[in-house]
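> A structural model of the following input is requested.
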Amino acid sequence: MAKQQIRTQRTDWQRNHERLVEVASVLVARDGAQVSLEKIAREAGVGSATLHRHFPSRRALLEEVFQGIVERLRRRAGELAGGDPRTGLVTWLEELTVCAANTRGLAAWLAAGADNDPPNGDTCHVVMREATTVLVERAMSVAAVRPGLSPEDLLTLAEAVSLVTEDDPTAARRLLHLALDGVRP
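Okay, here's the model as predicted:
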């Protein structure tokens, strides 16, 4: 009997966790990363205490909401690192910018993470910074970008363009390419 009760509790915990992430994903996409945690709990059909047991902070919830997108972007950066350094960097920045413009709340979340990353953390911002660093270093090694350009500069640029062009990937792409003309050596 005790094993069945534990199994049921685990099933309930997993179901609540998945439901919270699912609801949060929808609400963040619609309302942005500052959506009310109470609203997320209510629409997931759980109490706020349950939400906080699963996610002790907004940061923890949003990290999980954006985790799949960030992992896909990380893999893409790895693919691009195998080709032409300039093309890889530009393609990466374009894909990151368009993805963030299309994913409401992601650009703001990445920008906020720049100041709030815990040391040795594997946060969304850290993952994007590491991916960008590899591509920038490759581009610098063949003089495909200006000396002194930092990965943080390019992440800030991508985040800013994404924020002002949310839901408009065409404008995001166009503005990014205008800005990147200034990156060339």
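> which segments of this structure make up each domain?
1-56, 59-185 (automatic domain parsing).
> return the most buried member of those domains.
Mean neighbours per residue, mean count of other CB atoms under 10 Å, is largest over the domains of the chain for domain 59-185, with a mean of 18. Just so you know, the C-beta spots here come from the backbone N, C-alpha and C atoms, and that holds for glycine as well.
> off-centre distance for it?
A distance of 9 Å separates the centroid of the chain from that of domain 59-185, by CA atoms, centre = their mean, to the nearest Å.
> I'd like the average pLDDT over it.
For domain 59-185, the mean pLDDT works out to 87.
> now do the helix ranked longest in the chain: distance to the chain's middle.
Longest helix of the chain, by residue count under DSSP state H: helix 2-31. In this view, helix 2-31 has its centroid 22 Å away from the chain centroid, taken as CA atoms, centre = their mean.
> what helices and strands are in contact with it?
Other helices and strands packing on helix 2-31, by 3 or more CB pairs under 8 Å, 6 or more residues apart in numbering; DSSP states H and E, are helix 37-44, helix 48-54, helix 58-80.
> got those as CSV, with distance to T103 columns?
Shown next, in CSV, are the helices and strands packed on helix 2-31 (distance: least, CB to CB, whole Å):
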stretch, distance to T103
helix 37-44, 17
helix 48-54, 22
helix 58-80, 6
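> out of those, which is closest to L106?
Minimum separation from L106 across these (CB to CB) falls at helix 58-80, 5.8 Å.
> now do the closest one against helix 2-31, angle only.
Angle of helix 58-80 versus helix 2-31, following axes from the mean of the first three to the mean of the last three CA atoms, to 10 degrees, is 80 degrees.
> so L96 is in which element?
L96 is located in helix 85-102, with elements delineated by DSSP states H and E.
> next one: A179
Under the criterion of DSSP H and E, A179 resides in helix 169-180.
> could you say what helices and strands that helix packs with?
Secondary-structure packing of helix 169-180 (3+ CB pairs under 8 Å, 6+ apart): helix 85-102, helix 151-164.
> and G32, how far is that from A144?
Separation of G32 from A144 (CB to CB, to the nearest Å): 35 Å.
> repeat that for E79.
18 Å.
> can you check A158 too?
Here the criterion is CB to CB. By it, A158 lies 17 Å from A144.
> thought T165 was touching E159?
No: using CB atoms under 8 Å, T165 makes no contact with E159, being 11.1 Å away.
> who touches the nearest residue to A107 once chain neighbours are set aside in this structure?
Distance criterion CB to CB, 6 or more residues apart in numbering; nearest residue to A107, sequence neighbours excluded, is S162 at 3.6 Å. Neighbouring residues of S162 by CB atoms under 8 Å, 6 or more residues apart in numbering: T97, A100, A101, L106, A107, A172.
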